[in-house]
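J.: next one to model:
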Amino acid sequence: MFRWLWASLALVWACNVWAGEPLLVAAGAGYRKPVLELLAGFTQASGIQAEASFGNMQQVQTQAQQNPAIALLIGDRAFLEPMGLTERLQPLGQGLLVLVTARGQALASLDELRAPRFGRIALPDRNKAVYGRAAAICLERLGLQQALAPRLLEVATVPQVAAYVAAGEVDAGFVNRTQALALQERVGTVLEVPLGCYPPIELSVGVLRGRSEAAAVRAFLAYLEGPQARQVLQRHGM
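T.: Below you'll find the predicted structure:
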């Protein structure tokens, strides 16, 4: 209760003193829908215009390095910390890895991916995307990596995997829970991957160095502490 009260006061204060350019955020592409919804709610609550760009985490890093107007990054803590670009990280939620299959393809466990009917299996780039790395680690831990290697198709981002599965261009694909919820009417099986199969994915917002005292940044961080933002995150599976 007190935490939310202080957050509300900080948001009101920042809105009263803010005058300047829009708040710019760079985020992992797999979080496009919740991030856009958060920014829209923030703008409505504060009057501060907020905009976002998206990509895999390597693209997010490049955007932050090349565009000095970007103030915040949203993605997995394990990717944000090594970048060395942020001065603080604020937790947002937990990311969950999910396997979705094309329509007409059913399965009850990841081990069923060995079946010949799963001829093509998509995952995001394991070196550049959080969920690609999580999927690769999980397949290795389950002893599936070698058997499935010839059938794995790596693409740049989670939304690209989702598009391939929905279109039936692949038989299955690894996405995050956020994308799986959006896809559930257009795919076959939605199977949450066991948490112990991959390292925890800690969704965080990172404040770029030198931006923590900006009024718009402080207002957005305060907004994220409130019930409206938490409802958005929960609705999108985080």
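
J.: next structured bit after the lowest-mean-pLDDT helix or strand in the chain?
T.: Ranked by mean pLDDT, DSSP states H and E, the weakest helix or strand in the chain is helix 2-17, scoring a mean of 45. Once the chain leaves helix 2-17, the next helix or strand it forms, by DSSP states H and E, is strand 23-28.

J.: okay, the residue nearest to A102 when sequence neighbours are not counted and A115: tell me how far apart.
T.: In space, and not counting its chain neighbours, A102 is closest to G168: 4.8 Å by Cβ to Cβ, 6 or more residues apart in numbering. Every C-beta, even on glycine, is put in place using the N, C-alpha and C of the backbone. The spacing between G168 and A115, counted by Cβ to Cβ, to the nearest Å, is 17 Å.

J.: okay, those two: which has more neighbours?
T.: G168 (14 against 11; other Cβ atoms under 10 Å).

J.: which residues does E112 contact?
T.: Going by Cβ atoms under 8 Å, 6 or more residues apart in numbering, E112 touches F118.

J.: and with 6 Å instead?
T.: Not one residue lies near E112 by Cβ atoms under 6 Å, 6 or more residues apart in numbering.

J.: likewise the one 10 residues further on?
T.: For A122, the set of contacting residues under the criterion of Cβ under 6 Å, 6+ apart consists of 153, 155, 161, 164, 170, 173.

J.: 8 Å - rerun?
T.: Per Cβ under 8 Å, 6+ apart, neighbours of A122: 152-155, 160-161, 164-165, 170, 172-174.

J.: am I right that it falls within a strand?
T.: Yes: under DSSP: H, G, I helix; E, B strand; the rest coil, A122 falls within a strand.

J.: which strands or helices does the longest strand along the chain pack on?
T.: For the chain, the strand with the greatest residue count under DSSP state E is strand 86-95. Applying 3 or more Cβ pairs under 8 Å, 6 or more residues apart in numbering; DSSP states H and E, one finds that strand 86-95 contacts strand 70-76, helix 77-83, strand 201-208, helix 215-224.

J.: next, the buried residues of the strand or helix carrying L38.
T.: Per DSSP H and E: L38 is located in helix 32-46. In terms of neighbour count (16 or more other Cβ atoms under 10 Å), helix 32-46 has its buried residues at 32-39, 41-43, 45-46.
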